[in-house]
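S.K.: Curious how this folds, go ahead:
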Amino acid sequence: MRPLLIFLASFLMLSCDNSSPQAQQKLSDSQTFYFEKLDSIVVKDVIARVLVFQGFHEDQFFFRDMASSEVYVYDQAGELVDQWNKEGDVPGKFSMTASNFSFDKKGNLVLLDLMTGIKVLRKDSEVVQDFSIYQNQVSLGAAFSLFDTEQLIEKDGKEYLIYSLDIIDEYSQNYDAEFLAQRKNLLMTDLESNETTEHIPFPEGSHFLNGKVYYFRDLRPIFQYDEKSERLYLMFKSEPILYTYDWSGDAPKLIDQQLLPLKGFEVYEGFEVGAVDMGQIGNFQTRPYPSDIIDISKYREDLLISYISTPQDKSAIASVIAGQATDETKKRLREEAKMRTVLLRTNGEIIPVEIPGMHYNSFKVDGNTIYWMKKPDPNTETEDFTLYWGELKAKKKTEEI
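M.R.: Numbering: from 1, shown residues only. So this is what the prediction gives:
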């Protein structure tokens with residue numbers, strides 16, 4: 001592990017003009033941030049298996065049962081005002097493979113179903129656009145989450161959906177370093193024409209170009225585009241490097257890359273060519289407790305970065321793989337591998353963020369507002385859910401996060 005980290009650090013120190021790294025990133029030892037709750041609503045009598053908040057728009061709260069295509073709309077008092085679904089062989093149908101909703105400038109719902117394509121729906125479920133899938137599906141899979149895996153953006157007066165290339169062409173050649181070097185990882189679809197373009201190859205110096213191969217979960221880009229500055233911030237799931245692109249033109253141009261000192265994050269060196277088949281999402285037996293970048297959100301002028309770290313006790317991990325670990329050991333490893341969130345300030349400082357207890361271990365940022373969910377008791381079945389919203393507040397650091 002250490003030689004690879006040294007390689008990454010050396011590359012960042014010697015980067016050329018279009019990717020000058022900032023060396024001033026430092027972990028704060030005196031301050032933390034936390035989510036300060038400003039308000040909440042309780043939605044009751046919900047018959048849903050996986051209820052996930054989708055967004056707040058024009059004084060209404062939108063939720064979806066991620067295990068189906070059922071959509072619930074509530075007013076600010078928590079009263080149900082509309083309910084509909086897109087199950088079965090109907091126009092605009094989507095399934096549990098669909099992403100969270102985005103809202104376009106007309107107030108329509110936009111979502112991506114990796115099996116059936118992009119949908120644009122009015123808030124009453126009427127279909128505006130029902131685009132077919134861009135390419136054949138080979139690899140998919142992710143936990144239910146409030147985090148967004150795609151983003152609706154506006155450029156030059158037109159709206160586009162940008163999303164990860166989890167869908168790829170059938171590939172009859174070898175899954176090797178040449179394939180990865182040619183691969184582009186971000187798709188951009190015009191919401192009027194369905195014209196789709198591919199962007200973002202692995203930048204020079206990325207460890208994905210080291211001659212090894214990876215599970216597809218490792219390759220996924222996690223990103224956030226800021227329309228005001230026309231900057232795209234992007235990280236790959238198993239690489240703690242923040243890439244910044246100028247996207248004021250037709251294509252993103254890499255202008256900066258920063259190796260972030262994320263506590264507990266371990267870089268994986270990859271598999272030898274031939275050890276992993278293309279399209280495999282992952283395997284706990286060969287890649288247990290992987291470090292993951294799981295979300296980047298713009299919060300005011302800064303970035304909230306959420307990730308999962310890898311436990312340090314390798315013998316305990318080996319006992320889990322062998323089926324010999326005690327429940328206490330498994331619980332300890334799960335605690336060490338829990339999500340961490342940091343705030344990356346514009347001055348390069350990295351500040352830990354204390355995360356409240358939340359359902360689905362995720363949150364959604366909309367402007368300056370942060371939303372998160374919680375059931376009254378996560379260990380019991382319930383038909384009531386609470387949606388909280390608030391903002392970040394700073395305080396002096398009192399304990400290690």
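
S.K.: mind checking which helix or strand residue 181 is in?
M.R.: In the assignment (DSSP states H and E), residue 181 maps to helix 177-182.

S.K.: Contacts for that helix, please.
M.R.: Outside helix 177-182, the residues that touch it by Cβ atoms under 8 Å, 6 or more residues apart in numbering are 171, 173, 201-202, 208-214, 219, 273, 278. From N, CA and C alone the C-beta is placed, and that goes for glycine too.

S.K.: go with 10 Å
M.R.: With Cβ atoms under 10 Å, 6 or more residues apart in numbering as the test, helix 177-182 has contacts from 168, 171, 173, 201-202, 206, 208-214, 219, 270, 273, 278.

S.K.: Restricting to C-alpha, output it in CSV.
M.R.: What follows is helix 177-182, C-alpha atoms only, in CSV (Å, rounded to 0.1, in the frame of the first residue of the first chain):
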residue,chain,number,x,y,z
ALA,A,177,-5.1,-1.5,-18.8
GLU,A,178,-5.7,-0.5,-22.4
PHE,A,179,-9.4,-0.8,-21.9
LEU,A,180,-9.3,1.4,-18.8
ALA,A,181,-7.0,4.0,-20.5
GLN,A,182,-9.6,4.4,-23.3
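
S.K.: May I see the buried residues of that helix?
M.R.: Neighbour-count burial for helix 177-182, counted by 16 or more other Cβ atoms under 10 Å, picks out 177, 180.

S.K.: Buried among the contacts of helix 177-182? Need that as a selection in PyMOL.
M.R.: Listed next is the PyMOL selection for buried residues among those, using 16+ other Cβ under 10 Å:
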select buried, resi 168+201+202+206+208+212+213+214+219+270+278
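
S.K.: In the protein, mark out all the helices, start to finish.
M.R.: 2-13, 177-182, 216-219, 314-321, 327-336 (DSSP state H).

S.K.: Residue 311 is in contact with residue 334, correct?
M.R.: Yes. Using Cβ atoms under 10 Å, residue 334 is in contact with residue 311, at 8.8 Å.

S.K.: Give the residues shared as contacts by these two.
M.R.: The contact sets of residue 334 and residue 311 overlap at 289, 320 (Cβ under 10 Å, 6+ apart).

S.K.: who's more crowded, these two?
M.R.: residue 311 (19 against 12; other Cβ atoms under 10 Å).

S.K.: Model confidence score at the more buried one, please.
M.R.: Note on residue 311: pLDDT of 96.

S.K.: which ones are touching it?
M.R.: By Cβ under 10 Å, 6+ apart, the contact set of residue 311 is 264, 266, 288-289, 317, 320, 329, 332-337.

S.K.: what about the stretch 1-150 of the chain, any weak spots by pLDDT?
M.R.: 1-29, 136-142 (pLDDT under 70).

S.K.: In it, mark out all the strands, start to finish.
M.R.: 26-27, 31-43, 51-57, 60-65, 70-74, 80-85, 102-103, 109-113, 117-121, 127-130, 150-155 (DSSP state E, counting those that start in this stretch).

S.K.: Next, format the ones you listed as CSV and append distance to residue 374.
M.R.: Output for the strands of the stretch 1-150 of the chain, formatted as CSV (distance: least, Cβ to Cβ, whole Å):
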stretch, distance to residue 374
strand 26-27, 29
strand 31-43, 9
strand 51-57, 11
strand 60-65, 14
strand 70-74, 16
strand 80-85, 19
strand 102-103, 23
strand 109-113, 24
strand 117-121, 28
strand 127-130, 33
strand 150-155, 25
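
S.K.: thinking again about what came up before, which two from the contacts of residue 311 end up farthest apart in space?
M.R.: Farthest pair in those (Cβ to Cβ) is 266 and 329. Separation: 19.0 Å.

S.K.: can the strands of the stretch 1-150 of the chain go into JSON lines with extra columns for distance to residue 191 and mean neighbour count?
M.R.: Shown next, in JSON lines, are the strands of the stretch 1-150 of the chain (distance: least, Cβ to Cβ, whole Å; neighbours: other Cβ atoms under 10 Å):
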{"stretch": "strand 26-27", "distance to residue 191": "40", "mean neighbour count": "12"}
{"stretch": "strand 31-43", "distance to residue 191": "29", "mean neighbour count": "16"}
{"stretch": "strand 51-57", "distance to residue 191": "17", "mean neighbour count": "22"}
{"stretch": "strand 60-65", "distance to residue 191": "19", "mean neighbour count": "20"}
{"stretch": "strand 70-74", "distance to residue 191": "19", "mean neighbour count": "20"}
{"stretch": "strand 80-85", "distance to residue 191": "21", "mean neighbour count": "14"}
{"stretch": "strand 102-103", "distance to residue 191": "10", "mean neighbour count": "20"}
{"stretch": "strand 109-113", "distance to residue 191": "7", "mean neighbour count": "23"}
{"stretch": "strand 117-121", "distance to residue 191": "6", "mean neighbour count": "22"}
{"stretch": "strand 127-130", "distance to residue 191": "7", "mean neighbour count": "16"}
{"stretch": "strand 150-155", "distance to residue 191": "8", "mean neighbour count": "17"}
